[in-house]
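Asks: I need the structure of the sequence given here:
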Amino acid sequence: MSALIRVGHRGAAAIAAANTLESFDAAVAVGVDMIEFDILPSRDGRELYVAHDYAALARSGPLLLTDALAHMSTARYAGIRLQLDIKRAGLEQRVLAALDGAGARGRAFISTGIRPALERFRALAPELELGWTVPEIPGLLMHPPVSSLYRVLLPRRAAARIRAGAIDALVPHFSIVTAALVEAVRGAGGELYAWTVDDGAEIARLEALGVTGVITNDPRLFA
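Replies: Next up is the predicted model:
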């Protein structure tokens with residue numbers, strides 16, 4: 001694994017349709033250490049799909065979580081970690097069952113901005129690495145006062161949550177990653193994965209700051 005952990009966002013969404021087997025395969029072909037993908041329940045709650053939202057699900061067609069995990073448990077995915085981004089609370093037990101069914105719990109990294117989901121995962125599977133995604137609503141960062149507030153308050157809050165054992169990692173939008181944030185997270189014993197970075201110069205900036213990993217739609221940028 002490289003010093004900077006290379007994470008493919010929804011596989012390699014710049015190369016193939018996001019959250020599809022083709023996208024996951026493309027990420028592996030280019031070279032990643034971890035693949036991030038989204039978990040969404042069907043509207044009736046009966047199934048768990050790999051999709052960011054219901055509009056995306058309608059466009060790309062349903063990919064069951066169990067089918068995705070089975071695909072990513074084949075030999076070509078050996079050694080590649082799986083970042084499951086949870087889009088709704090209440091899925092925790094079923095996600096764990098799906099991971100166990102594929103023998104993939106040991107490769108899993110759970111991330112979400114939904115605090116009750118993080119709390120439930122911690123209670124059910126304390127051995128799993130948990131990442132707190134911030135902000136849960138990316139559009140908030142369009143407002144400069146909000147972005148500034150995140151930069152000021154997040155280092156202390158993230159470090160406190162790591163030290164309390166609530167999370168193991170912070171997963172912030174790249175625009176709010178500062179040297180102070182990286183120092184606070186690492187000083188508390190945590191990891192930091194920045195999303196979603198589709199610019200080589202920005203990847204270099206984040207790597208120089210000492211982030212743990214970078215999440216990108218285009219893993220070719222790591223080269």
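
Asks: quick one: buried residues of the helix or strand bottoming out on mean pLDDT in the chain?
Replies: Least confident element among the helices and strands of the chain, by mean pLDDT, DSSP states H and E: helix 54-60 (a mean of 91). Within helix 54-60, the residues scored as buried using 16 or more other Cβ atoms under 10 Å are 56, 57, 60. No exception for glycine: its C-beta is placed from N, CA and C like everyone else's.

Asks: find the nearest non-adjacent residue to the last one, please.
Replies: With sequence-adjacent residues excluded and distances taken as Cβ to Cβ, 6 or more residues apart in numbering, residue 60 is closest to residue 17, at 5.6 Å.

Asks: correct me, but residue 30 touches residue 219?
Replies: Yes: shown here, residue 30 and residue 219 form a contact pair, counting by Cβ atoms under 8 Å, at 4.3 Å.

Asks: what touches both of the two?
Replies: 8, 12 (Cβ atoms under 8 Å, 6 or more residues apart in numbering).

Asks: quick one, what contacts residue 34?
Replies: If you count contacts by Cβ under 8 Å, 6+ apart, then residue 34 has 5, 6, 7, 8, 80, 81, 82, 83, 109, 213 around it.

Asks: what mean pLDDT does the longest strand along the chain have?
Replies: Secondary structure of the chain per DSSP state E: the longest strand is strand 34-41. Averaged across strand 34-41, the pLDDT comes to 98.

Asks: what pairs with it, and is each one parallel or antiparallel?
Replies: strand 5-9 (parallel), strand 48-50 (antiparallel), strand 81-86 (parallel) (DSSP bridges).

Asks: what about residue 165, how many residues nearby?
Replies: 10 (other Cβ atoms under 10 Å).

Asks: can you map out the helices along the chain?
Replies: 21-30, 54-60, 65-71, 92-101, 115-124, 144-163, 179-187, 200-209 (DSSP state H).

Asks: for the third one, packing partners?
Replies: Think helix 65-71. helix 21-30, strand 48-50, helix 92-101 (3 or more Cβ pairs under 8 Å, 6 or more residues apart in numbering; DSSP states H and E).

Asks: all good on my end, thank you.
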